[in-house]
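Visitor: give me coordinates for this.
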Amino acid sequence: QTAAREAPEIKRLKRRFVKSKDKNAQAALFYAKLAARKKRDARLVIEQRRLAKHSQVHLFRSYRKGELPDIQIKNLEIIEPLQALAQRDTTMARLVFEKLYMGIVHDIPDMLSASDARRLTSSYHDSIYKLLQSSRKGHAPFISTFHNLARVSNPSIVEPRVTCNTSIASKSYHTGA
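Guide: Just a heads-up that it's a prediction; the model follows:
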């Protein structure tokens, strides 16, 4: 009884794999496979072009080479590529911001009088505190940057409660410890 049930199934499978003797059917099958391969290759090329365009590096400036290289580089020619890099990568943006902030805070006493330097540094620290205090649901890299700035520059500028709340809200638990 099971053999009787399996017989039609076997015949169906045999028909499925039987080679056609018809030349037109073979040619149609060949061209159908060729069209499917071309379509797949075209999709692959489009995807590769999209990825190449996405990861393309833009050249902002080329420098002279040789006996007289560029020795007078404008600040803007350094800042523009750095800005473009920071816009593409959050880690790089965090590092650039931290280095700029620490450089400014470090050089303030050399450029201003002692009272003005204290007032400006205090203003910067207050700004960090206010940003952290007003942050309810912060972006984790943003919050971790300000936690790191507070930790490195002056740990007493931010209350532990504010650090704890912002690290929990942004889910950057490693920076709130």
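Visitor: now the helix or strand Ala42 falls within: average pLDDT?
Guide: Following DSSP states H and E, the helix or strand that holds Ala42 is helix 23-54. Helix 23-54 carries an average pLDDT of 87.
Visitor: with just CA atoms, put the helix or strand following it into CSV.
Guide: Next along the chain after helix 23-54, taking DSSP H and E as the criterion, comes helix 75-88. Extracted as CSV, the C-alpha positions of helix 75-88 are listed here (Å, rounded to 0.1, in the frame of the first residue of the first chain):
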residue,chain,number,x,y,z
ASN,A,75,44.8,76.4,10.2
LEU,A,76,41.7,75.8,8.0
GLU,A,77,43.7,73.2,5.9
ILE,A,78,44.2,71.2,9.1
ILE,A,79,40.8,71.7,10.6
GLU,A,80,38.7,70.7,7.5
PRO,A,81,40.0,67.2,7.1
LEU,A,82,39.9,66.7,10.9
GLN,A,83,36.3,67.9,11.0
ALA,A,84,35.4,65.5,8.1
LEU,A,85,37.0,62.6,10.0
ALA,A,86,35.2,63.5,13.2
GLN,A,87,31.9,63.7,11.4
ARG,A,88,32.3,60.1,10.1
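Visitor: now find how far off-centre helix 75-88 is within its chain.
Guide: For helix 75-88, the gap between its own C-alpha mean and the chain's C-alpha mean amounts to 16 Å (Cα atoms, centre = their mean, to the nearest Å).
Visitor: show me what counts as buried in it.
Guide: If you call a residue buried by 16 or more other Cβ atoms under 10 Å, then helix 75-88 has these buried ones: Ala86. In this view, the C-beta of every residue, glycine as well, is placed from N, C-alpha and C.
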